[in-house]
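A.B. asks: next input, structure requested:
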Amino acid sequence: MNSTQYITKPGDRWDLISNKAYGTIGRIGDLIRANPSIAPSSILAPGIVLEVPIIAASNVETDKSLLPPWKT
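C.D. replies: Model (predicted):
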């Protein structure tokens, strides 16, 4: 799998990074699986180098079940 790297900044969380990388928080699991040595804590320390898997655009669509009712 191809990936790119991301260096965490103060206050970064898995959901924020997922949203930056994929436009959805629904890909947190992909990020955590790609970085097994990093604890899945709520806030990540600054300076951690994460692998961010490159996912084909057709696979990055938002899961409609995760959206609030007013966005479906």
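
A.B. asks: neighbours of Leu50, how many?
C.D. replies: 20 (other Cβ atoms under 10 Å). Glycine gets a C-beta too; all of them are placed from N, C-alpha and C.

A.B. asks: report the contact partners of the nearest residue to it once chain neighbours are set aside.
C.D. replies: Nearest non-adjacent residue to Leu50, counting by Cβ to Cβ, 6 or more residues apart in numbering: Tyr6, 4.8 Å away. Going by Cβ atoms under 8 Å, 6 or more residues apart in numbering, Tyr6 touches 17, 20-21, 49-50, 52.

A.B. asks: now do Ile38
C.D. replies: By Cβ under 8 Å, 6+ apart, the neighbours of Ile38 are 32, 44, 48, 50.

A.B. asks: so what pLDDT did the spatially most central residue of the chain get?
C.D. replies: Residue closest to the average C-alpha location in the chain (Cα atoms, centre = their mean): Ser18, at 2.3 Å. Ser18 carries a pLDDT value of 94.

A.B. asks: give me the phi and psi for it.
C.D. replies: Taking degrees, to the nearest 10, you get phi -60, psi -40 for the backbone angles of Ser18.

A.B. asks: list the residues that contact it.
C.D. replies: By Cβ under 8 Å, 6+ apart, the neighbours of Ser18 are 24-28, 30-31.

A.B. asks: one more pass at 6 Å, please.
C.D. replies: Taking Cβ atoms under 6 Å, 6 or more residues apart in numbering, we find Ser18 in contact with 25, 27-28, 31.

A.B. asks: out of those residues, which end up buried?
C.D. replies: 25, 27-28, 31 (16 or more other Cβ atoms under 10 Å).

A.B. asks: want to try CSV for these, with secondary structure as columns?
C.D. replies: Formatted as CSV, these follow (DSSP: H, G, I helix; E, B strand; the rest coil):
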residue, secondary structure
Ile25, helix
Arg27, helix
Ile28, helix
Leu31, helix
